[in-house]
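**Student:** model the structure of this input:
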Amino acid sequence: MRLRLFVHPMLIRKCETDTINAVDHNIEMILISTDGYSNSFRTEAGFLAIGSDYLNMVRQSGLMCVSDQLEGILANTSRGGSGDDISLGILKLGQERDIDIVTGNIHAVQEQIEDTNRSFQDLSNSHGKLVMKIASIEKWVMFTAIICV
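**Tutor:** Numbering: from 1, shown residues only. You can find the predicted model right below:
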């Protein structure tokens, strides 16, 4: 997978662009934030640690859960840091170990089990009707045999 950063033409003089291969560089997630986020940390190392924090949160709780918590996380970070507004974008390459994918797989298996159960119930109902028809035919055959004797 290749990632390409596109920058608005008016900003091209202020930004550098590059193309990288996410798989070759083992890139699983990219965070893009405004300077308010980095300014909320005393050290660059503290700021850079949020990358692994977010990656672990996304792996364990899923993107939707992190998204639901993001406003509060950013507000708390801003209050405890620069006080500046913070915007954050998260780009995540899906991995089989991600809770979103695991949960999706579990739901797919659950749906297959439900479909199988419905098919089994339909088959069981059909079997019950067939048994009743056979019993009815047996009674008719016995009745016919008695009359013919």
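**Student:** dump the residue contacts of Leu88.
**Tutor:** Leu31, Ile32, Ser33, Thr34, Tyr37, Leu70, Leu74 (Cβ atoms under 8 Å, 6 or more residues apart in numbering). Placement of C-beta: from N, CA and C, glycine included.
**Student:** so what's it bridging to?
**Tutor:** Taking DSSP bridges, one obtains Ser33 as the residues bridged to Leu88.
**Student:** what is the helix or strand hosting Leu48 packed up against?
**Tutor:** If you go by DSSP states H and E, Leu48 is part of helix 44-61. Here helix 44-61 touches strand 29-33, helix 35-38, helix 63-80, strand 88-92, helix 99-148, going by 3 or more Cβ pairs under 8 Å, 6 or more residues apart in numbering; DSSP states H and E.
**Student:** just name the most buried of these.
**Tutor:** Highest mean neighbour count among the helices and strands packed on helix 44-61 (mean count of other Cβ atoms under 10 Å): helix 35-38, with a mean of 17.
**Student:** for it, list the C-alpha coordinates in PDB.
**Tutor:** What follows is helix 35-38, C-alpha atoms only, in PDB (Å, rounded to 0.1, in the frame of the first residue of the first chain):
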ATOM      1  CA  ASP A  35       0.100  22.600  16.500                       C
ATOM      2  CA  GLY A  36      -2.200  23.000  19.500                       C
ATOM      3  CA  TYR A  37      -1.700  19.300  20.200                       C
ATOM      4  CA  SER A  38       2.200  19.400  20.200                       C
END
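**Student:** list the contacts of that helix.
**Tutor:** Contacts of helix 35-38 (Cβ under 8 Å, 6+ apart): Glu44, Phe47, Ile50, Leu74, Thr77, Ser78, Ser82, Asp84, Asp85, Ile86, Ser87, Leu88.
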